[in-house]
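**Student:** Quick one, what's the 3D model for this:
(one chain, ligands or ions: 1)
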Amino acid sequence: MRLIFLGPPGIGKGTQAKLISKKNSLAHLSTGDMLRSHIKQETEVGLLAKSYMDKGKLVPDSVVLEMVRNRLGAPDTSSGFIFDGFPRTKAQARGFEELLQSLDLFIDQVIYLIGDDAILLERLSGRRTCSKCGKITNLIFSPPKVEKRCDQCGGELFQRDDDKEEVILKRLDVYRDQTKPLVEYYDKKGLLVWISGIETVKEVAGKIEEHFNDKPTKESC
Ligand code: AMP
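**Tutor:** Residues are numbered from 1 along each chain as shown. Purely as a prediction, here's the structure:
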């Protein structure tokens with residue numbers, strides 16, 4: 001199974017990709033996580049990426065495609081994968097297609113998670129990440145038992161720089177301009193599965209799995 005999770009920032013792509021990849025033994029490939037890891041390690045890619053990410057802009061296609069090319073060479077991707085947050089532009093989608101063709105691989109489905117801006121803004125501004133284990137918490141929907149501490153490991157919770165309100169608004173604009181056109185792109189290829197992302201984590205995960213072998217239309221979701 002090779003899947004792409006497409007949708008606006010804050011809709012829950014990362015949460016769902018983590019859950020479903022674990023349950024189905026697929027590699028979870030988040031370009032956002034890869035870039036944050038480069039930033040942490042202060043690599044050349046990391047330094048470049050940070051200047052874009054802090055402003056809510058997309059990192060250049062050539063940098064992201066090269067990173068994806070390298071990541072796909074790792075053995076854990078051979079039994080299938082979920083791409084989360086990639087592709088994000090038509091150029092990335094085309095480059096990805098060429099890369100897959102050269103590897104004799106194809107995408108089975110593109111899971112498109114939908115939700116409106118008010119919900120996304122609320123989710124993203126309340127989002128906190130554990131500095132130790134990476135678990136995501138939301139101050140509104142799943143507040144931590146102890147203030148500023150992760151329920152799972154006790155690590156300190158922090159707000160991502162790009163989850164500040166002015167950056168979130170920019171990210172939503174960028175999504176509309178550069179990523180949303182991919183909905184039509186993949187729909188035309190007959191790969192798109194429309195799923196509402198606003199229900200609970202468990203409900204959304206259930207719906208995604210229900211549709212693994214099925215391709216609903218916009219009207220049925
Ligand atoms: P995410 O963790 O997916 O929300 O991504 C956080 C940020 O990383 C985005 O706002 C972009 O600046 C950058 N980023 C992640 N994935 C991509 C991508 N496929 N193309 C360009 N920039 C990306």
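**Student:** Ile208 - how many residues pack around it?
**Tutor:** Ile208 has 22 neighbours, counted by other C-beta atoms under 10 Å. All C-beta atoms are positioned from the backbone trio N, CA, C, and that covers glycine.
**Student:** what do you get for Met67?
**Tutor:** 19.
**Student:** Pick out the residue of the chain closest to the ligand.
**Tutor:** Residue of the chain nearest the ligand, by C-beta to the nearest ligand atom: Gly32 (2.1 Å).
**Student:** nearest residue to that residue other than its sequence neighbours?
**Tutor:** Closest residue in space to Gly32, ignoring its immediate chain neighbours: Gly85 at 4.8 Å, by C-beta to C-beta, 6 or more residues apart in numbering.
**Student:** The protein: strands as residue ranges?
**Tutor:** 2-6, 27-30, 81-84, 109-114, 127-130, 136-138, 157-158, 192-196 (DSSP state E).
**Student:** how about TSV for those strands, with mean pLDDT and mean neighbour count added?
**Tutor:** What follows is these, written out as TSV (pLDDT from 0 to 100; neighbours: other C-beta atoms under 10 Å):
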stretch	mean pLDDT	mean neighbour count
strand 2-6	97	24
strand 27-30	97	20
strand 81-84	97	24
strand 109-114	96	22
strand 127-130	93	20
strand 136-138	90	17
strand 157-158	95	16
strand 192-196	95	20
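**Student:** Need the pLDDT of the most far-flung residue of the chain relative to its centre.
**Tutor:** In the chain, counting by C-alpha atoms, centre = their mean, Val146 sits farthest out from the average C-alpha position, at 27.8 Å. Val146 carries a pLDDT score of 95 in this model.
**Student:** OK, contacts around it?
**Tutor:** Applying C-beta atoms under 8 Å, 6 or more residues apart in numbering, one finds that Val146 lies in contact with Gly154.
**Student:** can you give me phi and psi for it?
**Tutor:** Main-chain dihedrals, Val146, degrees, to the nearest 10: phi -110, psi 130.
**Student:** follow-up on the earlier one: you'd agree the residue nearest to Gly32 is up against Gly14?
**Tutor:** Yes - counting by C-beta atoms under 8 Å, Gly85 touches Gly14, with 7.5 Å between them.
**Student:** For the two, work out which one has more neighbours and name it.
**Tutor:** Ranked by neighbour count (other C-beta under 10 Å), Gly85 and Gly14 place Gly85 first, with 22 against 19.
**Student:** Now do that one against Thr31, distance only.
**Tutor:** Per C-beta to C-beta, to the nearest Å, Gly85 is found 5 Å from Thr31.
**Student:** try Tyr175
**Tutor:** 14 Å.
**Student:** so who does the nearest residue to Pro143 once chain neighbours are set aside touch?
**Tutor:** Once flanking residues are discounted, Pro143 sits nearest to Thr137: 7.5 Å by C-beta to C-beta, 6+ apart. Taking C-beta under 8 Å, 6+ apart, we find Thr137 in contact with Arg127, Arg128, Thr129, Cys130, Pro143, Pro144, Cys150, Asp151, Leu157.
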